[in-house]
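**Student:** Pasting the sequence and the predicted model now:
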Amino acid sequence: MVTVWEEGLAATSMMPSADFGMAPGPLDVETAMEVDEAVESHAHRVADEGAALARTVGFDPVEAVVIADEVNVPETLVHVAEQRGAQPIVIGSRGLTGLKARLLGSTAHAVLRHTHIPVLVIPARRAPEPAPEK
């Protein structure tokens, strides 16, 4: 079970873009470090929960792996899978469609494009449609 977290995300989000004509403001390094630690801690919890879930359905052995993003999330996932000899890569999909999918991209689609390893995509659960009124 691999969870990729994005190191330095707090510092990046605090830096105004020069594209908007704004000069970078002061960076609170201590706060940025705290955010990074919280994000990494969350990544460990997610990986541990995912590994435990995989064990309950019969996958064994399962290792919880947490890694900071190397290039981008899909390429990092593929790199880790190739390094560890994963067969197959199992990845979830939030099921974004339309404009959201085009703007945000799709990790699952990018993984499919960047690997020769078989990929199993598990779609997100959707809330059941309400029953039609009678």
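**Tutor:** Noted; the coordinates are in hand. Owing to the predicted nature of the structure, the values given are computational and were not obtained by experimental measurement.

**Student:** Would you map out the domains in the chain?
**Tutor:** As recorded under automatic domain parsing, the domains making up the chain are 1-69, 86-134.

**Student:** want to throw those domains into CSV with mean neighbour count, distance to residue 75 and mean pLDDT?
**Tutor:** Glycine gets a C-beta too; all of them are placed from N, C-alpha and C. As requested, the domains of the chain are arranged in CSV below (neighbours: other C-beta atoms under 10 Å; distance: least, C-beta to C-beta, whole Å; pLDDT from 0 to 100):
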stretch, mean neighbour count, distance to residue 75, mean pLDDT
domain 1-69, 13, 9, 79
domain 86-134, 12, 6, 77
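
**Student:** Make JSON lines out of those and add distance to residue 78.
**Tutor:** Formatted as JSON lines, these follow (distance: least, C-beta to C-beta, whole Å):
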{"stretch": "domain 1-69", "distance to residue 78": "10"}
{"stretch": "domain 86-134", "distance to residue 78": "4"}
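
**Student:** just so I know, which of these lies nearest residue 80?
**Tutor:** Comparison of the domains of the chain against residue 80 by C-beta to C-beta identifies domain 1-69 as nearest, at 5.2 Å.

**Student:** Centre of the chain to stretch 3-10, how far?
**Tutor:** Mean C-alpha position of stretch 3-10 versus that of the full chain (C-alpha atoms, centre = their mean, to the nearest Å) differs by 9 Å.

**Student:** then it to CSV, C-alphas only?
**Tutor:** The C-alpha atoms that make up stretch 3-10 are tabulated as CSV, following Å, rounded to 0.1, in the frame of the first residue of the first chain:
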residue,chain,number,x,y,z
THR,A,3,0.6,6.7,-0.2
VAL,A,4,2.4,9.6,-1.9
TRP,A,5,2.4,12.9,-0.1
GLU,A,6,3.5,16.3,-1.5
GLU,A,7,6.4,17.7,0.5
GLY,A,8,6.6,21.5,0.7
LEU,A,9,2.9,22.0,-0.2
ALA,A,10,2.5,24.5,2.6
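
**Student:** who touches that stretch?
**Tutor:** The set of residues external to stretch 3-10 that reach it, using C-beta atoms under 8 Å, 6 or more residues apart in numbering, is 31-32, 34-36, 39-40, 42-44, 46-47, 50, 64-69, 73, 76-77, 80.
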